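> prediction below, plus the sequence it came from.
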Amino acid sequence: MTTVLEKREAAAAEEEEERLLMEGMAVLDFDMLCSTVAMQAQKGTWGKLNESNEDEEEAILFKNNENGGGVFRMWEGELIYDCFDHRQIALQSTCCPCYRFGRNMKRAGFGSCFLQGFFYLILLVIALSNLLAFIITRRRWFLYLAIAFTLSVGTYVGFYRSQIKKKFNIKGSDSSLDDCVYHLICPCCTLSQVGPL
């Protein structure tokens, strides 16, 4: 009796996870479709889209992005308040930011979830271990290494946030430096903000 109940619960959990994944992918696909249609229509290259292959499409889209074409979207909400809109994503960003970063990068098409998350984890572990070594030994060079690796984490994640803004044509007054600073000040909030895209 319990095995049947457990199987039903596992099947229900799998269905729910698949539904959430498909819902997120539908939003992502719709955003990409809207941006593509707007960029192609603006530059009069809609006819070229039907005749060209994928490399030519990417070149056309890149060219349109350089010229400022396309639909500009804003992030979904404010940086701090957006965390409370998606509780599951906020919880993932707080408890396991490496996993959330990897998922964000996979959904945006910037590599596998495992590799992106693992590289993020390695940078964090090195920064934290150097900070711990500084606390124990009081040698300054451990502190310098901790600061350097913390800045490299902010730069790495901020760079990909900027790439997501460019890829999905998200308008914002923030520069790439601002994206890096946001990740240094409140990494959970910035990962949560990118998550629903």
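Alright, I've got the coordinates. Numbering: from 1, shown residues only.

> where do the strands sit along this structure?
Ranges of strands in the chain, per DSSP state E: none exist.

> residue ranges with poor pLDDT in it?
The chain contains residues with pLDDT under 70 at 1-2, 20-79, 81-83, 172-174, 196-197.

> could you pull out the helices for it?
For the chain, the helices defined by DSSP state H cover 2-43, 46-51, 54-66, 87-95, 97-108, 113-137, 140-167, 176-185, 187-194.

> deepest in the core, which of these is it.
Sort the helices of the chain by mean neighbour count, taking mean count of other CB atoms under 10 Å, and helix 187-194 sits at the top with a mean of 25. In short, each C-beta sits where N, CA and C put it, glycine included.

> returning to what we had before: any idea which of the helices of the chain gets closest to residue 80?
Counting by CB to CB, residue 80 lies closest to helix 187-194 out of these; the figure is 5.7 Å.

> any chance of the helices of the chain in JSON lines, plus distance to residue 80?
Formatted as JSON lines, the entries for the helices of the chain read as follows, by distance: least, CB to CB, whole Å:
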{"stretch": "helix 2-43", "distance to residue 80": "22"}
{"stretch": "helix 46-51", "distance to residue 80": "39"}
{"stretch": "helix 54-66", "distance to residue 80": "28"}
{"stretch": "helix 87-95", "distance to residue 80": "11"}
{"stretch": "helix 97-108", "distance to residue 80": "16"}
{"stretch": "helix 113-137", "distance to residue 80": "22"}
{"stretch": "helix 140-167", "distance to residue 80": "16"}
{"stretch": "helix 176-185", "distance to residue 80": "10"}
{"stretch": "helix 187-194", "distance to residue 80": "6"}
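
> which residues does residue 156 contact?
Listed by CB atoms under 8 Å, 6 or more residues apart in numbering, the contact set of residue 156 reads 119, 120, 123.

> for the residues you listed, give me JSON lines that also has distance to residue 140.
Conversion of these to JSON lines gives the following (distance: CB to CB, whole Å):
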{"residue": "119", "distance to residue 140": "27"}
{"residue": "120", "distance to residue 140": "26"}
{"residue": "123", "distance to residue 140": "21"}
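
> residue 107: which of those residues is nearest?
Residue 107 lies nearest to residue 120 out of the contacts of residue 156, by CB to CB, at 15.1 Å.

> quick one: the closest one from residue 13, how far?
Noted for residue 120: a distance of 27 Å to residue 13, by CB to CB, to the nearest Å.
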